[in-house]
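Enquirer: sequence first, then the predicted structure:
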Amino acid sequence: MTQFLISSYPNPSKKNFVTLVGVPSLSVGTQSKVRRLSLQAGKQKELIVPKGLVLSHVRSLDVFGESVKIPSMDKFRHLRFLDFEGCKQLENHHLKNIDNLFQLRYLSLHGVKKVSNLPEQIGRLWCLETLDLNGTSVCELPASIVNLKRLVHLLVNHNVTLPCGISKLQALEKLKVVTVYNQSFNLLQEFEHQPSLKALTLDFEDYNSADRVNAENESKKDIVVASLKNLGNLLSLAVWDGPEFVRESLCPMPLSLQKLKVWRSSIPHVPKWVGSLVNLQELRLELFRPEQKDLYILGGLPVLRCLVLEIDDCETINTPLTEEPEVTRVIVCGEVGFPCLRIFVYDNRYAWMNLTFAAGAMPNVDDLLIAFDPEETESVGTSGDFDLGIEYLPSLVRIRCVVWGFNSSRVEAAETAIREAAYAHPNRPTLRFD
């Protein structure tokens, strides 16, 4: 189906918005001056920009689809917003003259697999504020990147090497991802000179060596720890593949930190330094087998609003069959805390449910997600009624539940018990099984 739309989106007072959807060729008459252009194509015949459009007036260009002829960058002299997300036709040579876009503020190549190198000329985009390279094949950024003095958001893949001199990017607020062991010592030492940095993602996977523990990597990790302590404006920190990094004492972490998310980094217990993050609002951790003391640390965080605990109970998994796993229940009650918590996720889908709620538990939680294996839960000597104490969550509005297992009768029994508990709750929370 052929569509040619000229509309007033997003503001009715603004005109000259053109969307071309699956149009192989089109002649344009009076509406030749275009400010915002969106090229959207499926698997039809190649979509070509109509000759009647005056591209020098375009401020925003959005290109995506499977069959779009990429227009020359020379034609967009005043472009400020350029989004090629997921465009399958875009290749390295299409970016050759990108430095002609001297007013460009936003550039997204998100998901463009055929782009593997950025031209050095990209360092001449002195107005650029956002550069999104997630999902590309770029493995190393050109040295000229450090000339982008107005850059605020820099998003790259895991396993990408950054150039030295990144401390020159004094406007930088978000940096994702820094693959620590790929970087030079000099580059890592520069982070403590990034006063504007508010969001940082660190990856401690060693992509270049089978030996994950060596002296050089340990030194690099120490540099990162020292740098973090000086990032006084840091609001968000994400950590990948860094269990040793998370376990170590990182105090004093910046008290400004509001979000901490840890991925593929299972640790035995909640580190004590987490309790010092008095401004923390969102937290994601991966634990082997949480104990009561872990809940006390987490419950003491005064403004925590979202807590995600993913349980990697490898101790139970690796226990010999001749040994009975130790049954340690964790009880969430009024004395544990959690005064501001609204969202609680407890993902224990491959092991027994060792957590129950008691009177006064999490008074403000309205969104609950729980996951567990009902057969494992029964095997450690529980009563089998799957009573989690949901009735003690007074503000509950939504329940999402994953009951995972191969024994269909036990899965059904667990789901029935949770369904009855939700129905008996005075708030009648909505319930969804995933």
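Expert: The structure has been received and is ready for your questions.
Enquirer: which residues sit in contact with K229?
Expert: By CB atoms under 8 Å, 6 or more residues apart in numbering, K229 lies in contact with E192, L250, P252, M253, P254. Backbone N, C-alpha and C define where each C-beta goes, glycine included.
Enquirer: need the buried ones from these selected in ChimeraX.
Expert: Selection of buried members from the contacts of K229 for ChimeraX, criterion 16 or more other CB atoms under 10 Å:
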select :192,250,253,254
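Enquirer: from the contacts of K229, pick the one nearest L151.
Expert: Set against L151, the nearest of the contacts of K229 by CB to CB is E192 (18.6 Å).
Enquirer: which SS state does the closest one fall under?
Expert: At E192 the chain is in helix, as set by DSSP: H, G, I helix; E, B strand; the rest coil.
Enquirer: spatially nearest residue to the residue most central in space within the chain, not counting backbone neighbours?
Expert: To find the centre residue of the chain, average its C-alpha atoms and take the closest one (CA atoms, centre = their mean): that gives A238, at 8.0 Å. The spatially closest residue to A238, leaving aside those adjacent along the chain, is T201, at 4.2 Å (CB to CB, 6 or more residues apart in numbering).
Enquirer: what helices and strands are in contact with the host helix or strand of the one you found?
Expert: Element membership for T201 (DSSP states H and E) is strand 199-203. Packed against strand 199-203, as judged by 3 or more CB pairs under 8 Å, 6 or more residues apart in numbering; DSSP states H and E, are the following elements: strand 174-179, strand 236-240.
Enquirer: with L304 as the reference, name the closest of the ones you listed.
Expert: When these are compared for distance to L304 using CB to CB, the nearest one is strand 236-240, at 14.4 Å.
Enquirer: re earlier: how much space between the residue nearest to the centre of the chain and C306?
Expert: Here A238 is placed at a distance of 14 Å from C306 (CB to CB, to the nearest Å).
Enquirer: name the helix or strand for L61, please.
Expert: Under the assignment here (DSSP H and E), L61 is part of strand 60-65.
Enquirer: same check on R284?
Expert: Here R284 sits within strand 282-287, counting by DSSP H and E.
Enquirer: tell me the buried residues in that strand?
Expert: Applying a neighbour-count criterion of 16+ other CB under 10 Å, the buried positions in strand 282-287 are L283, R284, L285, E286, L287.
Enquirer: ok, now stretch 229-243?
Expert: Neighbour-count burial for stretch 229-243 flags L231, L234, L235, S236, L237, A238, V239, W240, D241, G242, P243 (criterion: 16+ other CB under 10 Å).
Enquirer: farthest-separated two in those?
Expert: Spatially, the most separated pair among the buried residues of stretch 229-243 is L235 and P243, at 23.4 Å (CB to CB).
Enquirer: related to what we said a few turns ago, ok, so of the buried residues of strand 282-287, who is nearest L148?
Expert: Proximity of the buried residues of strand 282-287 to L148, judged by CB to CB, is greatest for R284, which lies at 30.8 Å.
Enquirer: good, we can wrap up now.
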